[in-house]
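**Q** Predicted structure and sequence below. I'll ask about it afterward.
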Amino acid sequence: MTTVLQSNLLGFDYAIQVPATLTKSRKKWHSLFVTIYCSRKFSSLVLKPPTSKHDSDVVHRSPSYVSLSVMPQSSSFGIDQTTLVELVKEKKLERLQKHGGVNGVASDLGTDTRVGISGSAEDVVCRRETFGSNTYKKPPAKGFFHFVIEAFKDLTIMILLGCAALSLGFGIKEHGLKEGWYDGGSIFVAVFLVIAVSAISNYRQNRQFDKLSKVSNNIQIDVVRGGRRQQISIFDIVVGDIVCLKIGDQVPADGLFLDGHSLQVDESSMTGESDHVEVNASRNPFLLSGTKVADGYARMLVTSVGMNTTWGQMMCQISRDTNEETPLQARLKKLTSAIGKVGLAVAFLVLVVLLVRYFTGNTTNEKGNQEFNGSKTKSDDIINAVVGIVAAAVTIVVVAIPEGLPLAVTLTLAYSMKRMMADHAMVRKLSACETMGSATTICTDKTGTLTLNQMKVTKFWLGQESMKEEGASSISPFVVDLIHQGVALNTTGSVYRASSGAEFEFSGSPTEKAILSWSVMEMKMDMEKMKKSCAIIQVEAFNSQKKRSGVLIRRNDDEIVHVHWKGAAEMILAMCSTYYDASGVVKDLNGDERTKFEQIIQGMAASSLRCIAFAHKQVPEEEEQKKLKEDNLTLLGLVGIKDPCRPGVKKAVEDCQYAGVNIKMITGDNVFTARAIATECGILRPGQDMSSGVVVEGEEFRNYTPEERMEKVEKIRVMARSSPFDKLLMVQCLKQKGHVVAVTGDGTNDAPALKEADIGLSMGIQGTEVAKESSDIVILDDNFASVATVLRWGRCVYTNIQKFIQFQLTVNVAALCINLVAAVSAGEVPLTAVQLLWVNLIMDTLGALALATERPTKELMDKPPVGRTEPLITNIMWRNLLAQALYQIAVLLTLQFSGESIFGVTKKVNDTLIFNTFVLCQVFNEFNARKLEKKNVFEGIHKNKLFIGIIGITILLQVVMVEFLKRFADTERLNWGQWGACIAMAAVSWPLGWVVKCLPVPEKPIFSYLKWRK
């Protein structure tokens, strides 16, 4: 074997000796030959060892070709999908170790654990094709025919269809197909029209919810690609990505823990266990999609996405319920039920009266002959007459039951949700739209909601000296190095620079970005160098309770261990016993010195600056594994971060206060910063007396007795240095006092307060996924002005529904009274089944569309909030609707009994006049319904093009019904004079509405008097 190797090596040696005279292209051919020659020789030696000396001496003829195996790109990954899924699902460390641990898996996936995947389009596409995309299969959406079938299930519709079928059958039998189909056929057409409109509106609403669901599920995730930290959509994550996780994040895919500190994960959504699970590199590096980060921060390697994750398999079986019933819909159901019962009673009365009159021979046909003559009357005629009577009674029920009310709520909610999206508010729970209109108190955060969240370090104090423009040059290098350590190693942010001449990119929270930017630009910090020079031993992540974060580090050059703290200035100051001056001299922090520092902090806070302090301490090695040192620290410096107020926030606060809504600011900042910002935003008045309990600290509020809290909670305008528990406590107190409370929140710890509040408003930009999931509405631009807009929309929804109720009840009362009186006195109903169905269509669907899509107006904010217990139908509405209904009843009954003599027309034309006047009354009354209290009902009408369009369509269709669809609608053509008379009678409703609005109404609801008398 040795001689064979030696002889072959001689051949290799000869092949490798390249003559110097070869051209460049020939050298390439030569090197290619060497590669092929060597690889073939090695393979022949390894795969086919010679069995005898004779065989080894034989020179075999080499083939005239070389086969090269070209591997497809997808198989360039050293691990398959099934293995990756099982690795995380089984949570077995031994199996992970077989693949070389987390780093081995990263290597198999072609991921550099420091810089991530390359992020090129080809790389991402290849990974998506190999391992799938991060999307879930959803149950098929409900199709249009599903809603058609749902509409058919309505009992009244089914009865009407039965009556239509009977009427059609008997009509054809009696009059033949050519003439006999009109009555039954017209009812069929009218019913199908009602079904079609109902199905279309429900289908469109369902589609809108699906679109909103897609938007709400599109979470932005921090990943590292090509060494750069960037935000991408959760749907764009691929296997091999490195994801940065922090408190409040949702784990976007299955993966493995790469590095990080104090990572606690809430797996209750997967396992049902409420205890948080610790995730680390040594014992449990497995992360499951859909779980939430409860504490700490980390970087994870994505191993499975979409349907290959456990969460994906669960999600595909869950469909979002869009049939959520809102409180207003529940109240309307009761109202609909009550009106329906009255309608049924009237319909039954009409049915009995008409049947009695028919069978006692008190009715005549078109020729004036008695319809029922005992045994002489054909059975077909009897059945036909009875079917007609039943159809008339059923139609009264159809008109009486205001099925348009749920439709109006659906339409107005769907419309307002769509418009609110354009106004930077995404509704997650339908009921929040309505509840927001009743809000009496809004508890708001400061940072990012009242302020811009564009932070910049504007002040830096070292010792008791303010460092102006000198930056690092005038400070002791030793102190500068400590500050660099405290910033670079005690942060969840990062610094990226593509090349030496490129701009720096900072990522992390706004506070972290401001400090990193100051440290790199002003203090000349090199983040990468700092990270390489030290090793992190232990981390205590920032949380809103402690308002500080700490890190224990060991310097690589001298093995010295330091603890660094960063956080709220007065809290860090309380942990310090010494401080550095600019020259690096350590000085004692005695009583006087401490007071000076407190004054510096208060001075910065009074200028609306957020104060952050840095402190450190050298730790003996034997103490390094214990809890981070929190006493006898040395203060390194103070920075003041400016976060300017949002433009327009003062006006938004004033608008809310003018509308009778209290604004309370709850912030983690100190009392001086909080007071300065609250005054700037208009929550506090300049020079307001602060001693009366208007401004409190969280701890003070927490320590009140329950009685004191209930007594003082309404006075409080600002709560500083508050914890999430204080916010929850305030919400609970306000609710007990009868307030409807809206709360804004962005952190994970805000979740309890967001859930407890009547309306939880989370922040779309700074908000964590936990906060968003606990909220009812997501404010997409984090702006308080958008909160005020949501309040205006909430009131608009409520008012629009009230307008529609007033409009619909007017029609119901009028139609029921007219048909009842006419049936009892004359033995017939003036409005036929088809005509009543047409009126039903106008008021239910077209009326709902016209009135439910009114936009918010300024006067909505002139009134105090609507309380929880206030009735849906107010005294003002009763006044308006009863006046209009009584007028319509008076006019139509006059026409019923005296119309023929007044106008000198036939009975058929008189019935058409009644029908036409009734419909036109509703058209004119639709204008009155636009304003419940204002006398000018035309104000802003030009802005609502849909309203004008619907009025136009209604009038056009009415003309067609009367003039061209004689057989279908059972009408006669009217002349110009008759049309003019109908319009004149209907137009009286405008001046009547104006006069009625001059009448005062008692503030106490009408029905409360009835209860009192009982």
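**A** That came in fine, so what should we check first? Numbering: from 1, shown residues only.
**Q** So what's the model's average confidence on the helix or strand hosting residue 598?
**A** Take DSSP states H and E as the rule and residue 598 turns out to sit in helix 591-606. Mean pLDDT, computed over helix 591-606, is 90.
**Q** which residues are contacting that helix?
**A** 459, 461, 464, 569-570, 573, 579, 587, 589, 611, 635, 638, 640, 669-673, 675-676 (C-beta atoms under 8 Å, 6 or more residues apart in numbering). All C-beta atoms are positioned from the backbone trio N, CA, C, and that covers glycine.
**Q** Only the buried residues of it, if you could.
**A** Residues 593-594, 597, 600-605 are the ones in helix 591-606 that count as buried (16 or more other C-beta atoms under 10 Å).
**Q** Generate CSV for these, with distance to residue 998 as supplementary columns.
**A** Formatted as CSV, these follow (distance: C-beta to C-beta, whole Å):
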residue, distance to residue 998
593, 73
594, 70
597, 68
600, 65
601, 61
602, 59
603, 60
604, 59
605, 55
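**Q** just the helices in the stretch 501-650 of the chain please.
**A** Along the stretch 501-650 of the chain, counting by DSSP state H, counting those that start in this stretch, helices occupy 510-521, 527-533, 569-574, 591-606, 649-658.
**Q** Residue 740 is nearest to which of those helices?
**A** helix 649-658 (13.3 Å; C-beta to C-beta).
**Q** contacting residues around the closest one?
**A** For helix 649-658, using C-beta under 8 Å, 6+ apart, the contacting residues are 442, 450, 663, 680-683, 783-785, 787-788, 791, 861-862.
**Q** got it, and stretch 845-853?
**A** Contacts for stretch 845-853 (C-beta under 8 Å, 6+ apart): 194, 197-198, 201, 404, 407-408, 411-412, 415, 800-801, 803-804, 807-808, 922, 926, 929-930, 944, 946-947, 950-951, 953-954.
**Q** Try it again at 6 Å.
**A** 197, 404, 407-408, 411-412, 415, 800, 803-804, 807, 929, 946-947, 950, 954 (C-beta atoms under 6 Å, 6 or more residues apart in numbering).
**Q** Over to stretch 787-802?
**A** 409, 412, 416, 420, 423, 425, 433-434, 436-437, 652, 655-656, 852, 854, 856, 860.
**Q** Check stretch 962-975 too.
**A** So stretch 962-975 is contacted by 182, 186, 832, 834, 908-909, 912, 916, 961 (C-beta under 6 Å, 6+ apart).
**Q** Excluding covalently adjacent residues, which one is nearest to residue 158?
**A** Among residues not flanking residue 158 along the chain, residue 152 sits closest, at 7.2 Å (C-beta to C-beta, 6 or more residues apart in numbering).
**Q** same deal with residue 233?
**A** residue 218 (5.6 Å).
**Q** Could you tell me how many residues sit around that neighbour?
**A** 11 (other C-beta atoms under 10 Å).
**Q** now do the one 4 residues further on
**A** Close neighbours of residue 222, defined as other C-beta under 10 Å, add up to 20.
**Q** element containing it?
**A** Judged by DSSP H and E, residue 222 forms part of strand 220-225.
**Q** Check which residues of that strand are buried.
**A** 221-225.
**Q** What is the nearest of those to residue 339?
**A** The nearest one, if we look at the buried residues of strand 220-225 relative to residue 339 and count by C-beta to C-beta, is residue 221, at 50.9 Å.
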